[in-house]
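S.K.: sequence and computational prediction follow.
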Amino acid sequence: MTDAVPQPRPELETVAGHDDLDTFGVPVDVDEIDATITLEREFLTALVWAPPSTATAIVHALIGPDRLPADAPLFYLPDHGTVFRRLAGAVADGTPVSAADLVTAFDLTEHDDRFAYLLMEIASPNPLHPWPLPTEADLPVLARSLADQWLRRGYQALLARMHTVLREERTSTLDQHWLALSRHQRAAQDVRDRILAALGNDLAPGDAQAFS
């Protein structure tokens, strides 16, 4: 894959950390949160069980100079993001992490028991419930849905920001705030479109599981 020239980014990232919900954007309701967590878990599981060449291609489709940086808040749950950053770093080093090596890829003294349990669930998924093993063929669809979730949370964050602007800023400045947020939205949309292109962009509109 050829690296494109990095595109200028607006001042605000599409989503930020959990410490500031106004800039993060959250799923609308409990059912959506559950679907988000399930999708993220299935994606990580499929990624570590996929052949190294497939895992590498998927990571490169999501992470790159004209797509998302490695530390982008692509995942809703912080622990999921921690796992992905380690997997992406291993791909960058040319040594993708397999399911068999997942737990030993982390220093568990730096994490709590819940994180260790998460690693074990990803490395040894239950074929029946609650995290069945996705297939290699599912991985591009899961990656697309993951990018769609990121974009949708970003829209929610931008709408929340504009509500704050309406409460706190002068009427004469509203157009400039709206313009800045619109530029930000366009940049995020372009990133999502480049991710889909890198994934092959050969999925039918109805193929992505959730939030397509």
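M.R.: Thanks, I have the structure now.
S.K.: which intervals of this protein have sub-threshold pLDDT?
M.R.: Scanning the chain for pLDDT under 70 picks out 1-31, 127-132, 201-212.
S.K.: secondary structure element holding the residue nearest the centre of it?
M.R.: Central residue of the chain (Cα atoms, centre = their mean): Leu74, 2.4 Å from the mean position. Using DSSP states H and E, Leu74 maps to neither a helix nor a strand.
S.K.: which residue is the nearest non-sequential neighbour of it?
M.R.: Of all residues not flanking Leu74 in the chain, Trp150 sits nearest, at 5.2 Å (Cβ to Cβ, 6 or more residues apart in numbering). Every residue, glycine included, has its C-beta placed from N, CA and C.
S.K.: report the secondary structure state of that neighbour.
M.R.: Counting by DSSP: H, G, I helix; E, B strand; the rest coil, the backbone at Trp150 sits in helix.
S.K.: can you count the residues close to it?
M.R.: Counted with other Cβ atoms under 10 Å, the neighbours of Trp150 add up to 24.
S.K.: with Arg194 instead?
M.R.: So Arg194, with other Cβ under 10 Å, has 19 neighbours.
S.K.: please look at it and Asp66 and confirm they touch.
M.R.: Yes - contact status for Arg194 versus Asp66: in contact at 5.6 Å, counting by Cβ atoms under 8 Å.
S.K.: so what's the residue lying farthest from the centre of the chain up against?
M.R.: The C-alpha centroid of the chain is most remote from Ser172, which lies 36.1 Å away (Cα atoms, centre = their mean). By Cβ atoms under 8 Å, 6 or more residues apart in numbering, Ser172 lies in contact with nothing.
S.K.: do you know how far the residue nearest to Leu74 is from Leu179?
M.R.: In this structure, Trp150 and Leu179 are 23 Å apart, going by Cβ to Cβ, to the nearest Å.
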